[in-house]
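In: generate a structure from the sequence data that follows.
(one chain, ligands or ions: 3)
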Amino acid sequence: MDSISSSSTPQKIQSTSNSSSLLDLKSRLSAVKIPEPVKPRAGRRMSSTEGKTVITKKIVTGDAGYVLEDVPHLTDYLPDLPTYPNPLQDHPAYSVVKQYFVNTDDTVAQTIVVHKSSPRGVHFRRAGPRQKVYFESDEVTACIVTCGGLCPGLNTVIREIVCGLYDMYGVKTVLGIEGGYRGFYARNTINLTRKTVSDIHKRGGTVLGTSRGGHDTTKIVDSIQDRGINQVYIIGGDGTQKGASVIFEEVQRRGLKVAVVGVPKTIDNDIEVIDKSFGFDTAVEEAQRAINAAHVESESQENGIGLVKLMGRNSGFIAMYATLASRDVDCCLIPESPFYLEGKGGLLEFIEKRLKEHGHMVIVVAEGAGQDLIAQDMLSMDVHDASGNKLLLDVGLWLSQKIKEHFVRKPKMPINLKYIDPTYMVRAIPSNASDNVYCTLLAHSAIHGAMAGYTGFTVGPVNGRHAYIPFDRITEKQKKVVITDRMWARLLSSTNQPSFLSNKYIEDSKKDNEAHNATSKADNVSTDASLSNGSM
Ligand SMILES: Nc1ncnc2c1ncn2[C@@H]1O[C@H](COP(=O)(O)OP(=O)(O)OP(=O)(O)O)[C@@H](O)[C@H]1O
Ligand SMILES: O=P(O)(O)OC[C@H]1O[C@](O)(CO)[C@@H](O)[C@@H]1O
Ligand SMILES: [Mg+2]
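Out: Ligands and ions are numbered 1, 2, ... in the order given. Next up is the predicted model:
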């Protein structure tokens with residue numbers, strides 16, 4: 001396994017259980033116990049270690065406040081695993097690359113804006129190929145599963161995992177798990193070959209199918225063992241990564257030589273720590289078509305209003321970026337920024353004002369915006385999907401209705417409202433060129449990590465560098481638009497819409513952010529605001 005040297009003396013990776021300095025990081029640590037070493041097995045169940053506590057955190061501290069939030073490695077619980085030279089060293093394409101293998105000490109900083117006296121802060125292990133691998137090519141039986149909602153690029157990631165395993169490491173056995181997590185125990189697998197996946201990146205959706213709900217950890221790990229799978233690639237959002245984390249824990253508990261790797265997927269871009277999720281750019285681009293249509297429709301009529309609903313259950317990134325990109329939007333409403341309809345400073349007053357000024361307007365609303373307002377207004381039931389996500393009320397229809405009702409009371413100002421709902425259209429398409437390249441990098445990072453014996457991690461870019469991130473760091477909370485950050489201010493100044501917030505709300509939010517940042521600094525954890533919105 002790689003070691004990290006944070007000073008001139010190389011320091012072996014330590015588990016949290018025997019590092020006293022880690023007590024300072026107590027909010028980030030959970031009690032851990034290293035299981036007794038067990039012999040590696042694949043394809044057969046083991047009971048001797050069942051019920052043992054598993055490693056959940058690996059933190060290494062170094063000089064000047066350096067912290068590495070490391071990811072688990074197979075040797076943490078299978079210490080005697082043999083290693084093999086990385087076949088890439090003889091690969092004609094890669095052998096010419098200068099320093100192709102990642103330096104074992106390389107880590108990626110979570111915070112890159114620092115002061116003279118700032119602690120070095122949290123780092124993640126840099127992704128990439130290692131000199132030694134823990135799997136022989138013909139020993140690997142990999143599987144791929146896609147879970148949760150659709151997202152442009154799912155097929156590209158599948159393709160690139162299959163082709164990357166074959167091209168770089170000579171792995172020929174890759175199984176597709178159909179229909180999400182439940183496919184592990186309810187369906188047969190399909191063989192994925194270079195040939196069968198060769199042009200799937202040109203199609204939207206996922207060739208494997210997907211689902212919500214149906215996560216049964218025991219049955220899934222039984223299936224992994226029964227099929228002799230030793231690398232599991234799990235593509236999905238926050239819920240999926242939580243599922244991947246418990247699969248990893250169960251694999252570890254059973255002492256299996258199985259690498260469990262997450263590839264983060266979400267159209268909403270609501271995954272913490274990583275710069276951006278794949279498919280997001282494609283979705284923002286596709287949303288432009290709907291916004292353009294809304295603009296054309298609205299400016300062709302007197303007092304025309306074009307209303308576009310975009311995805312974003314809890315985070316308004318698609319709406320915010322689509323608005324900023326378009327320049328035709330007069331008002332953007334997102335879940336993070338509460339608004340109200342009636343009275344001074346309310347949305348209806350603003351619409352009236354903008355129509356008087358421009359004669360038309362475009363409103364973009366994220367599907368999760370204003371949910372509490374709608375719930376107050378309508379008799380609504382708390383309904384959830386199979387994964388436990390709250391089913392949203394249709395803010396687009398509701399808003400259309402409210403705007404129409406308002407202007408009916410103003411006969412001198414008849415409006416012409418067109419409601420466009422492209423929500424599923426922005427995610428059911430193939431990924432664009434830049435997302436395709438991004439998907440390739442994610443797939444390659446995932447493969448290199450698994451081959452190098454890392455497990456229990458998600459891959460993703462952190463400040464532009466691909467890194468291996470422990471599951472808990474991306475599942476502990478969802479990334480949100482920070483409305484006291486500069487990016488939202490840019491949006492407000494581009495649309496020239498009111499913030500719809502009371503001064504008290506703004507002050508309270510600032511205080512909350514300051515308190516959060518202070519705690520983060522104390523824990524050597526970066527401020528989320530700067531990352532989540534790409535502050536400049
Ligand atoms: N806490 C959890 N533990 C185990 N499995 C979970 C958990 N939360 C969700 N899952 C499983 O993960 C899968 C996907 O979850 P979900 O439907 O919430 O989508 P997601 O991965 O969050 O993607 P997205 O929200 O972007 O569509 C489902 O099969 C669900 O059962
Ligand atoms: O209708 P489905 O497939 O459950 O997906 C809808 C949800 O999935 C997402 O696209 C991703 O979580 C949300 O924006 C949306 O609320
Ligand atoms: Mg989710």
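In: switch to C-alpha atoms for all contacts and neighbour counts from now on
Out: Noted.
In: ligand 3 contacts on the chain?
Out: For the chain, the contact set with ligand 3 under CA under 5 Å from the ion comprises 237-238.
In: which stretches of the chain have low pLDDT?
Out: Applying pLDDT under 70 to the chain flags residues 1-56, 379-381, 502-504, 506-507, 513-536.
In: that one against ligand 2: which residues are in contact?
Out: 149, 266-268, 311-313 (CA under 6 Å from any ligand atom).
In: and if we set it to 8 Å?
Out: 148-151, 212, 237, 266-268, 311-314, 367-368, 385, 391-392, 423-424, 427 (CA under 8 Å from any ligand atom).
In: what residue of this protein is the furthest out?
Out: Computed with CA atoms, centre = their mean, the residue of the chain farthest from its C-alpha average is residue 412, at 48.2 Å.
In: mind telling me what element that one is part of?
Out: Assessed by DSSP states H and E, residue 412 sits outside every helix and strand.
In: quick check: it vs ligand 1, distance?
Out: According to CA to the nearest ligand atom, to the nearest Å, residue 412 stands 44 Å off from ligand 1.
In: then residue 142?
Out: 19 Å.
In: tell me what that residue is bridged to.
Out: Legend: beta-bridge partners of residue 142 under DSSP bridges are residue 174, residue 231.
In: ok, the residue lying closest to residue 112 once chain neighbours are set aside - contacts?
Out: Excluding the flanking residues, the one nearest residue 112 by CA to CA, 6 or more residues apart in numbering is residue 463, at 7.6 Å. Shown in contact with residue 463 (CA atoms under 8 Å, 6 or more residues apart in numbering): 109-110, 112, 274-275, 531.
In: from residue 450, how far out is residue 463?
Out: Distance from residue 463 to residue 450, counting by CA to CA, to the nearest Å: 22 Å.
In: try residue 424
Out: Where residue 450 is concerned, residue 424 sits at a distance of 33 Å (CA to CA).
In: residues near residue 154, how many?
Out: Residue 154 has 30 neighbours, counted by other CA atoms under 10 Å.
In: quick one: it and residue 202 touch, right?
Out: No - counting by CA atoms under 8 Å, residue 154 sits too far from residue 202 to count as a contact (10.5 Å).
In: which SS state does residue 223 fall under?
Out: Under the three-state scheme (DSSP: H, G, I helix; E, B strand; the rest coil), residue 223 adopts helix.
In: so it makes contact with residue 185?
Out: Yes - applying CA under 8 Å, one finds residue 223 in contact with residue 185, separated by 6.1 Å.
In: between these two, who's got more neighbours?
Out: Taking other CA under 10 Å, residue 223 and residue 185 do not tie; residue 185 has more neighbours (20 against 17).
In: who are the packing partners of the helix or strand where the more buried one lies?
Out: Residue 185 is located in helix 183-186, with elements delineated by DSSP H and E. Secondary-structure packing of helix 183-186 (3 or more CA pairs under 8 Å, 6 or more residues apart in numbering; DSSP states H and E): helix 217-226.
In: the helix it packs on - contacts with which helices or strands?
Out: Going by 3+ CA pairs under 8 Å, 6+ apart, helix 217-226 lies up against helix 183-186, helix 238-253.
In: please identify the most buried of those.
Out: helix 238-253 (a mean of 23; mean count of other CA atoms under 10 Å).
In: what does whichever helix or strand comes after that helix rub up against?
Out: For helix 238-253, the following helix or strand on the C-terminal side (DSSP H and E) is strand 259-264. With CA under 8 Å, 6+ apart as the test, strand 259-264 has contacts from 74, 230-238, 241, 244, 247-248, 271, 277-278, 442-443, 446, 450, 453-460, 471.
In: do that again at 7 Å, thanks
Out: With CA atoms under 7 Å, 6 or more residues apart in numbering as the test, strand 259-264 has contacts from 230-237, 241, 244, 248, 277, 446, 450, 453-459.
In: ok, residue 385 to ligand 3 distance?
Out: Distance, residue 385 to ligand 3, by CA to the ion, to the nearest Å: 11 Å.
In: skipping adjacent residues, who's closest to residue 332 in space?
Out: Going by CA to CA, 6+ apart, residue 332 has residue 364 as its nearest residue, at 4.8 Å.
In: quick check: bridge partners of the one you found?
Out: Here residue 364 sits in beta bridges with residue 308, residue 332, going by DSSP bridges.
In: hang on, isn't it packed against residue 334?
Out: No - at 8.6 Å, residue 364 and residue 334 do not qualify as touching, with contact defined as CA atoms under 7 Å.
In: overlap of the contact sets of those two?
Out: Taking CA under 7 Å, 6+ apart as the criterion, residue 364 and residue 334 both touch residue 319.
In: circling back to that earlier point, for the residue nearest to residue 332, what are its contacts?
Out: 307-309, 319, 329, 331-333.
In: try 10 Å
Out: Contacts for residue 364 (CA atoms under 10 Å, 6 or more residues apart in numbering) come out as 287, 290-291, 294, 306-310, 318-320, 322-323, 329-334, 396, 420.
In: report the beta-bridge partners for the residue nearest in space to the middle of the chain.
Out: Nearest residue to the geometric centre of the chain (CA atoms, centre = their mean): residue 271, 3.3 Å. Judged by DSSP bridges, the bridge partners of residue 271 are residue 478.
In: separation between it and residue 236?
Out: As judged by CA to CA, residue 271 and residue 236 stand 10 Å apart.
In: ok, now residue 212?
Out: Using CA to CA, residue 212 is found at 10 Å from residue 236.
In: for residue 183, same thing?
Out: Residue 183 is 14 Å from residue 236, where distance means CA to CA.
In: what's the local residue count around residue 196?
Out: The number of residues near residue 196, taken as other CA under 10 Å, comes to 11.
In: you'd agree it is in a helix?
Out: No - counting by three-state DSSP, residue 196 is not found in a helix; it is coil.
In: which residues touch it?
Out: Counting by CA under 10 Å, 6+ apart, residue 196 makes contact with 159, 162.
In: do residue 309 as well
Out: Neighbour list for residue 309: 287, 290-291, 319, 332-333, 363-369, 394-397, 419-423 [criterion: CA under 10 Å, 6+ apart].
In: I am finished for the moment; much appreciated.
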